[in-house]
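after the sequence you'll find the predicted model.
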Amino acid sequence: MPFSRAISTHHGDSNSPGITPYGFVSEGTPLPPLEKILNTAHVISVGMRVTFRGVTTRHSALIRGPYGWGEFAPFPEYDDAEAAHWLSSALEATYLPPTVTVREQVPVNATLPAVPAHRVPDVLNNYNGDIQELKIKVAERGQTLDDDIARVAAARTALPSARLKIDANAGWTLPQAFTALTALSDYNLLYAEQPVGSISDMKQLRTQLDNAQVPVLIAADELVRKADDPLTVARAHAADLIVVKAAPLGGVRRASAVIAQSGLPAVISSALETSVGIATGVHLAASLPELPYGCGLGTVSLLDTDVSSTPLVAENGRIPVRPVAPEEARLKALAADHATRAWWLERIERCWRLLHRGYATADA
Ligand SMILES: O=C(O)CCC(=O)C1=CC=C[C@@H](O)[C@@H]1C(=O)O
Ligand SMILES: [Mg+2]
């Protein structure tokens, strides 16, 4: 049976709930044939309203199967081994029945890219209704701590009672992170996402902040989604919470297993997808018994447009749990050029072959 083998976990239970190599937990369902996947694939290009992590146009492939639509949108610089997890997630959304959910809507944060402080009110206007929680990007390459302080201060002025958190994307060294978090904690931060890169720096930073009584929790993101083993950071007690994105972890089932086995609170976040991929993240969030923080799933508001005329955007800080089907006219209007489409279809094929090889290994 494909993917029936589970890796061992820190709980020492290697049979349940079964974290698999790619997470398309198939329970006997074979990998869908490549032809079928390619035949339904729509490759699209969507402009960004605000540049985010250097991205100005988002490319993505949407695929359809018996259970609806899925999105395959690994960032272009990701290699095939990393991108294969994203394909696994898209295939799960389209070829496996949805998992059980326990809520009808999920709380989300708004996301503020690393814009200059004077643009903060403008960017916040992209979000509908009240913003109760905001994630602010910091430590952007080419910027200084003063830029970050000015941005966080502007956000605090615009949203005096909102819950604020920051994301450094591992952009600080350990001493820089300690200095920055000590200064930024004046603005009352909920947590700092991936302030530094390594597990040992995360651990040391937590200790230093504790000793100096700086009240900021530490969240792991890259150390979960880019690690060979997403549970290492939890096992090392290097974070207070984890940020989890369905696609990089191979889909909802595997991401849920990672969260359960980490024993840590989780924040479900987007990978900057259209509403189709966001629906997968919303589904994951809606399946969790505990959701103590706003999810980073409000990012459709950062896109110029969407594949649906009823996009999954937050209204007063909440997104409803519902599937999304892209509209034909929009898929047509957003269709990528010939070369981009060919590149994405070849990438799907290479990733499919990696998944296929994973099946063979699991069978062995
Ligand atoms: O978490 C959010 O509020 C929005 C999503 C988000 O920040 C990200 C989406 C996609 C890629 C990542 O670099 C980035 C992140 O680091 O969390
Ligand atoms: Mg992050």
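Yep, it's here. Numbering: from 1, shown residues only. Ligands and ions are numbered 1, 2, ... in the order given.

for ligand 2, what are the nearby residues on the stretch 51-200 of the chain?
Neighbours of ligand 2 within the stretch 51-200 of the chain, by Cβ under 5 Å from the ion: 167, 193. All C-beta atoms are positioned from the backbone trio N, CA, C, and that covers glycine.

one more time with 8 Å
Taking Cβ under 8 Å from the ion, the part of the stretch 51-200 of the chain that reaches ligand 2 is made up of 167, 169, 193-194.

farthest-separated two in those residues?
Of all pairs drawn from these, the widest gap by Cβ to Cβ lies between Asn169 and Glu193 and measures 7.8 Å.

what do the two both touch?
Listed as contacting both Asn169 and Glu193 by Cβ atoms under 8 Å, 6 or more residues apart in numbering are Asp221.

more neighbours, these two?
Glu193 (27 against 18; other Cβ atoms under 10 Å).

related to what we said a few turns ago, format the residues of the stretch 51-200 of the chain next to ligand 2 as TSV; extra columns: pLDDT.
Formatted as TSV, these follow (pLDDT from 0 to 100):
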residue	pLDDT
Asp167	98
Asn169	98
Glu193	98
Gln194	98
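
out of the residues you listed, list just those in strands.
167, 193 (DSSP state E).

between the residues of the stretch 51-200 of the chain next to ligand 2, which is closest to Glu77?
Nearest to Glu77, judged by Cβ to Cβ, of these is Asn169 at 13.8 Å.

hang on, that closest one packs against Phe52?
No. With contact defined as Cβ atoms under 8 Å, Asn169 and Phe52 do not form a contacting pair (11.1 Å).

look up phi and psi at the closest residue to Tyr95 other than its chain neighbours.
Nearest non-adjacent residue to Tyr95, counting by Cβ to Cβ, 6 or more residues apart in numbering: Gly65, 4.5 Å away. Dihedral angles of Gly65 (phi, psi; degrees, to the nearest 10) stand at phi -150, psi -170.

excluding residues flanking it in the chain, which one is nearest Gly68?
Using Cβ to Cβ, 6+ apart, the closest residue to Gly68 is Pro323 (5.1 Å).

the one you found touches Thr94, doesn't it?
No. With contact defined as Cβ under 8 Å, Pro323 does not count as touching Thr94 (10.8 Å).

so who does Lys135 touch?
109-112, 165-167, 193, 296.

residues near the closest residue to ligand 2 within the chain, how many?
Nearest to ligand 2, among the residues of the chain, is Asp221, at 3.6 Å (Cβ to the ion). When neighbours are counted by other Cβ under 10 Å, Asp221 registers 23.

give me the neighbour count for the residue nearest to it when sequence neighbours are not counted.
Closest residue to Asp221 apart from its sequence neighbours, by Cβ to Cβ, 6+ apart: Val243 at 3.9 Å. Using other Cβ under 10 Å, Val243 is surrounded by 24 other residues.

report the distance from the host helix or strand of Val243 to the chain centre.
Per DSSP states H and E, Val243 falls inside strand 241-244. Here strand 241-244 is found 10 Å from its chain centre; the criterion is Cα atoms, centre = their mean, to the nearest Å.

same check, this time on stretch 230-248
12 Å.

show me where the stretch 51-200 of the chain has its strands.
Residue ranges of the strands in the stretch 51-200 of the chain, as given by DSSP state E, counting those that start in this stretch, are 55-65, 68-72, 105-107, 110-112, 133-137, 163-167, 189-193.
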